[in-house]
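A.B. asks: The following block contains a protein sequence and its predicted model.
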Amino acid sequence: MTDPLFEKFSVAVAGRYTLVRELGQGGMGAVYLGTDVKLGREVAIKVLPPSMRAYLGPERFQREVQLAAKLSHPHIVPLFEADEIDGFLYYVMGYVEGESLAQRLQREGPLGLDDAIRIAAEVGDALQYAHERGIIHRDIKPANILLSGGHALVTDFGIAKRFQEDDANTLTGTGVTVGTAAYMSPEQASGEKRIDARSDVYALAAVLYEMLAGEPPFTGPSAQAIVARIIVDAPRAIRTVRPNVPPHVQDSLLQALAKVPADRPASAKTFIDSLAKPTTERRASPLRQRRALIAGVAAVLLLGIAVVVAWGLRSRPTIATRPVGMVLVPAGRYPVGGAADRPARTVSLDSFYIDSTEVTVAAYRQFLDSAGAAAPWRAKPPIDWPATGILWSEAQRYCESRGASLPSEDQWEAATRGPHGYRYPWGDVWDRGRANAGSVADTLKPVGGFPLGRSFVGAVDLIGNAWEWVATEDTSHGVVRHVIKGGAFNTTPNRATAIQRFAYPDDRRSLWNTGFRCAR
């Protein structure tokens, strides 16, 4: 049966996009798989229903979508464009191969505890990033969490909302409640105009609850019935349906599902951190903390081996200690090398963290301001671009200011190539559109703009966008130079591999497309 909307919209965007098939449909619109005619890349296009157009209007739609377009994060699907054409309001997002969390739950039912918390942590990291920029999602649900390459990406930030906006001039102010009943916070379900990040925290908790129990905290025969239960009923404790869930996870869920926002964790990060720490560690009174300290000291005095164990555990980071903006590369054996001047071999590495994106202009500018130093750029670049034109010594000083350093070449390759030693983060074959290289674009792009090229640990832009300094020295020409890796936007695919390496001196004139990231 022909979809009239599909047919009409196909005609409207002909010449710009070619529609392939429907990906999904709901109350907030239909999503189609399409091809960007100019760039040749696959995209997901969401078309809002006529009723939403009547409430929003083109100007308000453009304003609210522009919020999402500024988000660049490895666990957020990027938004490329928003427009109106022939009466259709639509926005274009990156297409992510894989499935949604909703599809996985429908196929498998409840997930394992570790897997569920890992997905929640990645979604929480994306939400924390958005919240720190004053933006809330308002419709976190399994259908808006995509699973690809072992990682979760949050999609449909298209009708995001800024905290500080006057609600009379936003979508909520029109009287339309944005969200999906089973995952709405009580204040959202009640139609309150003023909502904040704690509403997204509630929704994330509802999603985690469903991952563990197989259904959301509240169900019912209709949206109205579900909303009534959200506002009035207390959620059933997760351990009554899944007894093996640790007590501290149950406590964290119940707190995040509190009716009153003030009773919930203040941020997505606080909620995620609470899942990794026992309740007694989070809520111990001062007296109990002193007792625990005394007991701990006595144990160390009596059992010297505890010191050795504690030392060993220091190299095992957890969700609770993960530095903001970094991803964990697990300890293991990694294939590295393979270039003419760097023989192929396998190395054993301890676990370490590495920045999920290249260091941005904004982050480096803040560092310069704190040090009272001048910027190296003649013209101010966009704040979300990678910081380029930075000397190796300057990059190292920046990383040291964060308690980190430039990654070694082995570390950089491990984060990029993974345990299989691929040429690219996604495999051994070049795939146009996964990286800003091979002249996909004619300039640098905001960091994180190519999420389909992320590595096995979730780091993006390791290939393309800007070359990256590593800590490794090269003295083969009688002078000290340092290695750059990964290629830039204008690097050909055969040179923009994780294997290739080039050594450069600290000469700013040749570093206009060279950036960096930190590791620790």
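C.D. replies: Good, I have the coordinates. These figures come from a predicted structure and were not determined experimentally. Numbers count the residues shown, from 1 in each chain.
A.B. asks: for the protein, what's the longest helix?
C.D. replies: helix 113-132 (DSSP state H).
A.B. asks: Each with direction, which strands does whichever helix or strand comes after that one pair with?
C.D. replies: Following helix 113-132 in sequence order, the next helix or strand is strand 135-136 (DSSP states H and E). Counting by DSSP bridges, the strands paired with strand 135-136 are strand 161-162 (antiparallel).
A.B. asks: who touches T443 in this structure?
C.D. replies: F489 (CB atoms under 8 Å, 6 or more residues apart in numbering). For the C-beta atoms, the positions are set from N, CA and C on the backbone; glycine is no exception.
A.B. asks: so F218 touches A182, yeah?
C.D. replies: Yes: counting by CB atoms under 8 Å, A182 is a contact partner of F218 at 6.5 Å.
A.B. asks: What lies in contact with the longest helix of the chain?
C.D. replies: 71, 73, 75-76, 101, 110-111, 136-137, 140, 145, 147, 151-154, 157, 160, 197, 200-201, 204, 207-208, 211-212, 244-246, 249, 267-269, 271-272, 275-276, 319, 324, 458.
A.B. asks: Now restrict those residues to buried residues only.
C.D. replies: 71, 73, 75-76, 101, 110-111, 136-137, 140, 145, 147, 151-154, 157, 160, 197, 200-201, 204, 207-208, 211-212, 245, 249, 267-269, 271-272, 275-276, 319, 458 (16 or more other CB atoms under 10 Å).
A.B. asks: ok, back up a step: buried sites along the longest helix of the chain?
C.D. replies: 113, 116-131.
A.B. asks: So F218 and A182 - more neighbours on which side?
C.D. replies: A count of neighbours by other CB atoms under 10 Å puts F218 above the other of F218 and A182, at 25 against 22.
A.B. asks: re the thing from before, next step: the contacts of helix 113-132 restricted to strands.
C.D. replies: I136, I145, L147, H151, A152, L153, V154 (DSSP state E).
A.B. asks: ok, so what distance separates the residue lying closest to the third one once chain neighbours are set aside from G29?
C.D. replies: Once flanking residues are discounted, L147 sits nearest to G98: 5.1 Å by CB to CB, 6 or more residues apart in numbering. Look at G98 and G29: by CB to CB, to the nearest Å, they are 21 Å apart.
A.B. asks: try R520
C.D. replies: Applying CB to CB to R520 and G29 gives a distance of 42 Å.
A.B. asks: neighbour-wise, which of these two wins?
C.D. replies: Neighbour count, other CB under 10 Å: between R520 and G29, G29 has more, with 24 against 15.
A.B. asks: Point to the residue nearest the middle of the chain.
C.D. replies: H75 (2.2 Å; CA atoms, centre = their mean).
A.B. asks: picking that back up, G338: which of the ones in strands among the contacts of helix 113-132 is nearest?
C.D. replies: H151 (26.0 Å; CB to CB).
A.B. asks: Verify the contact between L204 and I140 for me.
C.D. replies: Yes: in this structure L204 lies within contact range of I140 using CB under 8 Å: 5.6 Å.
A.B. asks: For the stretch 51-200 of the chain, which residues score under the pLDDT cut-off?
C.D. replies: Scanning the stretch 51-200 of the chain with the threshold set as pLDDT under 70 gives 51-60, 63-64, 158-179.
A.B. asks: For L33, give me phi and psi.
C.D. replies: Phi and psi for L33, reported as degrees, to the nearest 10, are phi -80, psi 130.
A.B. asks: Let's see the pLDDT reported for it.
C.D. replies: With respect to pLDDT, L33 scores 94.
A.B. asks: List the contacts of it.
C.D. replies: L33 touches L19, V20, R21, E22, L23, E42, V43, A44, I45, Y95, counting by CB under 8 Å, 6+ apart.
A.B. asks: Apply 6 Å and report the result again.
C.D. replies: V20, R21, L23 (CB atoms under 6 Å, 6 or more residues apart in numbering).
A.B. asks: Is there a neighbour count for the nearest residue in space to the last one that is not next to it in sequence? I'd like the number.
C.D. replies: Closest residue to L23 in three dimensions, ignoring its sequence neighbours and counting by CB to CB, 6+ apart: V31, at 4.5 Å. Using other CB under 10 Å, V31 has 21 neighbouring residues.
A.B. asks: Right, I'll call it a day here.
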